[in-house]
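**Student:** got a predicted model here, sequence first, then my questions.
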Amino acid sequence: MEPILFTWNGNEVAAQPGDTVASALYRSGLRTFTYSYQHGRPRGLLCLTGSCPNCMVNVDGVPNVRGCTLPVRSGLSVLSQNQNVYRGFDSPAVKRFPAAPPLSESPHHYEHTYFQFDVVVVGGGPGGLEAALESASQGVQVAILEMEGALSGPASLAQKIQSHPEITTFLNCTCFGVYEGNLLGAVQINHAAPNTETLLHLRAGRVVVATGAYETQYLFAGNDLPGVMLSTAVLRLIHRHGIVPGKRAVLIGEAEPRAQFQAKLESAGVEVVGSVPIESVVRAEGADHVTGLVTDTVTYEADLVVMCGPLVSDVGLVASARGQAVSLAGAAVGEGITQRDYLLPQSAQSANAIACLCMDVTGQDVVETIAAGMGHVELIKRFTKLGKSACQGRMCQTAAIRLCSQITGQTLAQVGTTVARPPAPPVTLGALAGMRHHPVRRTPMHYQHERLGAVWMDMGEWKRPRYYGKGTPDDCVKEEYRAVRERAGVIDVSTLGKIEVKGPDAGRLLDLVFTHEFSTLPIGRIRYCVLCDELGTIVDDGTISRMDQQRYFVTTTTGNVDYVHQWLEWWTTAAGWKVTVSNLTAGLASMNLAGPLARSVLQKLTDCDLSSAAFPYMDWRQAFVAGVPATMMRIGFVGEMGWEIMVPAESGNHLWEQVLHAGAAVDLRPFGVEAQRVLRLEKKHIIVGVDTDALSNPYEAGMAWVAKLNKADFIGKVALSRLKQTPLDRMLVGFEIDGAAAPPDGSPVLVEDKPVGWATSVRYSWQKEKVIGMAWVTPAQAKGGSRITLRSDAVDYPAQVVEEVFYDPAGDRLKM
Amino acid sequence: MERQSALHHCHLDAHAQLQPFYGWQMPAWYTEPSSELEQLRGSVGISDASYLTKLDVRGPCSVSLPARLWKLTPARTLITSPLPIDLLSSSSVTDVTSTYSAILLAGPRSRDVLHKLTTLNVGEAAMPESSARQARLAHVNAIILRAEGFLILNTRDVAQHVWEALLHAGAHPFGMVAQQQWMGSTHEDA
């Protein structure tokens, strides 16, 4: 058979089949696996069941892997690591392994999976298997989660389980918590390369906790020396791995388990030189490894000290489930496990007795904490950090409770236990984060933009071209800007929301929801629309076209389409009207063709008469464009004559190509969001959510004309009527900066060194050859010519307020 | 002019053999129809079914085969059909063919793929043949229909994202030739 070879700190180590990383390293002679958190004490194998922090290693770059739970395989690169390092104590005198190189990217592959079962059994031991079979015999779907690589318990039982059609078994799968609604979190590790950590979300009708019991350590001086082990660890080394972990052993514990264990140890060829109750232990001796045990009467020379420690039912999951329907099975019930009363020896109170391995809390620390008046285990935990790290109190809590009870004279119940909270054991952040399925929304013309060299910007989940080309951003944007102002340009506006509203009550609904009146809008016409909430705050803006008597077409901003859709559905339902609201955003490709030569470009592609006499501003027409049935809307966000053309999404690519082709003669350019932002700013067209915030109303935004207070009723009318009577405390105004440099959007606005507002949009205007913008200021500064100062990075930008629109104030260019 | 689905670029990237189906430019196959079908029957595959006509209907309605009717909510029904349907010119019917992409996820391991992408219970008992659900899938909204596998509808803008997530979760793409054979064989089984 091929030898299994892996590396430990760069040196090759041979392993046997069935080895874990920890057992293979132990076999190779390693005894000190880690150095402790605070005092740098050497630590060796203790539990071998993944319950303690002593064999944590770095595997293929991933830290904090418990070596005793990871089956070894060829090619693993294992590095030593310390238990978490507490920087405050990181002096040269404290022993440490060198730090592992920092992790840039996890080599693990992470996945999430979601399951539903009638019954989930946590624990694949004898108790769990019986509970699973019993449930499955009633014909329900059962899952078993087993943290190790195989089910344990009688072979016949395990075989029945594996062939049972209703039972699904998850191996190497550790449940870390039971959450509301019987949701279980579990991590399943696939040890084959590449390592996959799968986070399982399991919904269970019923949860059975059959996690069994685990052995915990005793508290005495030197109890954490390498060579002092729990009896389960010794048995695993002997029976699973064929390693005899010593020649001369001393046993500590209750008489009965000691006697049972002594026989097993002797049959493995270990000489048992002593067997003592815990009460008599004075200290374990040794520097880097145990060399003997001193009791109050005898000194034993030994290279192995075995704690036949107290067994504790593993009910952390039940405790953390907090009222969920959870039942217990097997040893987790606590039956057959007698927590015999025993006394800890005097040395349990020494500074050399380690109560909490993870955080290096000593017996003395606990004693001093109690002396300071903190005699409850929750207080001890908070003050000393006992039980707050990797093993979550599994190794320390029973000993600490007993010590506290012994010192204070309280019963164990009076000392109490700490509240169990998930996750226990710890879960890697990678597993919680899972796969990277970050959604990306693409318009129908996405790959046209990519071909044209678009530089992308993220707008929520959408990708939109910021600008096109390889030049500097300024040069590219300027070219696109000039094309629109002087010739023609086209921009993909498919991300804008498109909602169809139809039915006998469609007009009534729009009258209620928007500030303008739409029931009187003639068929064929378009009107600007603003949606306010009950407080009169501007929520969204767009356009509404009347398609026929009972059908309207609403456009919204990119980010608010779902909001507006739900808002319309809500009011339809609330009013009980006959209206159908459909969000068609994804089904339509739309582009805005604009510029003084736009008509000549578009006319090449359609028979529809585009002259202003036949097709005036704010009208829409349906016609074939480039052979595709299209809706054309004559609107002008950028301030030039233009048409927004909408076609079915599948035809978007075709139309885009045809528009570019038809525009080649006049040097038409595709333009991106950045050029559009400059173009619209020159027209002082606001962008809701950029120039307005979550409190802006139409009066302060300089849009009093949208509040149609003479309309019978609409949402926000009451508030707007009040606001109209109320003096404004801020206003949105335009401004020009004296110099050519532009501060960023959001810069504060000051007057006489006092803040009076902020700038919402600031851009260089090639039309004005100045930096222009919009800003919120107090009414005192709202008059044209008022002097204000923008400030950014301690640089002042003197500016003055400008009342009129920066470009084509009369709007003549829209109607050419 | 044939219509292009939202997954057109994915098909091009995968070197699909494109051919017209139902007026759409669809991938006939990526590698070879018989091996795609074999893989599908043994494991799990995905195929573009965006050519399906889709109608969103409010209120009562009825259709005849091959069109199928899916109750999304008590008040909302979705109709799918491989053939164009004469639209009832009614304010309660909306053609959403262009709005939604459709991906057929099929094969014996379909559920293993869905388990990785959605919290929805897709077990046989919870989601029997002909049922319809609305759920999150790969962090976006989806309509999931149980027919010859699972038919997954998304708004067109996220179609590529969902296709890539399904591939990542272990599904292999198959073309129209294999899709039609699969549909035919599942109909015979029924």
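**Tutor:** The structure has been received and is ready for your questions.
**Student:** residues touching the residue of chain B at minimum distance from chain A, list them.
**Tutor:** Using CB to the nearest CB, B:Thr99 is the residue of chain B that sits closest to chain A, at 3.2 Å. All C-beta atoms are positioned from the backbone trio N, CA, C, and that covers glycine. Neighbouring residues of B:Thr99 by CB atoms under 8 Å, 6 or more residues apart in numbering or on different chains: A:Asn583, A:Leu584, A:Thr585, A:Ala586, A:Gly587, A:Ala649, B:Lys54, B:Thr155, B:Arg156.
**Student:** with A:Ala780 instead?
**Tutor:** A:Val751, A:Val756, A:Ser786.
**Student:** show me how chain B divides into domains.
**Tutor:** Structural domains assigned to chain B are B:3-51+B:99-189, B:53-96, following automatic domain parsing.
**Student:** is chain A contacted by the last one?
**Tutor:** Yes. Domain B:53-96 comes into contact with chain A when judged by CB under 8 Å from any CB of the partner chain, the residues involved being B:Asp56, B:Arg58, B:Ser91, B:Ser92, B:Thr94, B:Val96.
**Student:** over to A:Ile380. Which of the three states is it?
**Tutor:** At A:Ile380 the chain is in helix, as set by DSSP: H, G, I helix; E, B strand; the rest coil.
**Student:** which residues touch it?
**Tutor:** A:Val366, A:Thr369, A:Ile370, A:Met374, A:Leu386, A:Ala400, A:Cys404.
**Student:** hmm, 7 Å instead?
**Tutor:** A:Val366, A:Thr369, A:Met374, A:Leu386, A:Ala400, A:Cys404 (CB atoms under 7 Å, 6 or more residues apart in numbering or on different chains).
**Student:** residues near residue 3, how many?
**Tutor:** By default, I'm working from chain A. 10 (other CB atoms under 10 Å in any protein chain shown).
**Student:** you looked at the wrong chain, it should be chain B
**Tutor:** Other residues close to B:Arg3 by other CB under 10 Å number 20.
**Student:** again, but for A:Tyr563
**Tutor:** A:Tyr563: 15 neighbours (other CB under 10 Å).
**Student:** list phi and psi for it.
**Tutor:** phi -60, psi -50 (degrees, to the nearest 10).
**Student:** quick one, which of the domains of chain B is packed in tightest?
**Tutor:** Across these, averaging neighbours per residue (mean count of other CB atoms under 10 Å in any protein chain shown) puts domain B:3-51+B:99-189 on top, at a mean of 20.
**Student:** any low-confidence regions in chain B?
**Tutor:** B:87-89, B:186-190 (pLDDT under 70).
**Student:** run the chain-centre distance for the longest helix along it.
**Tutor:** Secondary structure of chain B per DSSP state H: the longest helix is helix B:176-189. Taking CA atoms, centre = their mean, to the nearest Å, one finds the center of helix B:176-189 at 14 Å from the center of the full chain.
**Student:** now it - C-alpha only, PDB.
**Tutor:** The C-alpha trace of helix B:176-189 is given here as PDB (Å, rounded to 0.1, in the frame of the first residue of the first chain):
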ATOM      1  CA  MET B 176     -33.000  21.500 -27.100                       C
ATOM      2  CA  VAL B 177     -32.600  18.100 -28.800                       C
ATOM      3  CA  ALA B 178     -32.000  16.300 -25.500                       C
ATOM      4  CA  GLN B 179     -34.700  18.500 -23.900                       C
ATOM      5  CA  GLN B 180     -37.300  17.400 -26.400                       C
ATOM      6  CA  GLN B 181     -36.400  13.800 -26.000                       C
ATOM      7  CA  TRP B 182     -36.500  14.100 -22.200                       C
ATOM      8  CA  MET B 183     -39.900  15.800 -22.300                       C
ATOM      9  CA  GLY B 184     -41.200  13.100 -24.700                       C
ATOM     10  CA  SER B 185     -39.900  10.200 -22.500                       C
ATOM     11  CA  THR B 186     -41.300  11.700 -19.300                       C
ATOM     12  CA  HIS B 187     -44.700  12.100 -21.100                       C
ATOM     13  CA  GLU B 188     -44.600   8.500 -22.100                       C
ATOM     14  CA  ASP B 189     -43.800   7.500 -18.500                       C
END
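**Student:** many thanks, we can stop here.
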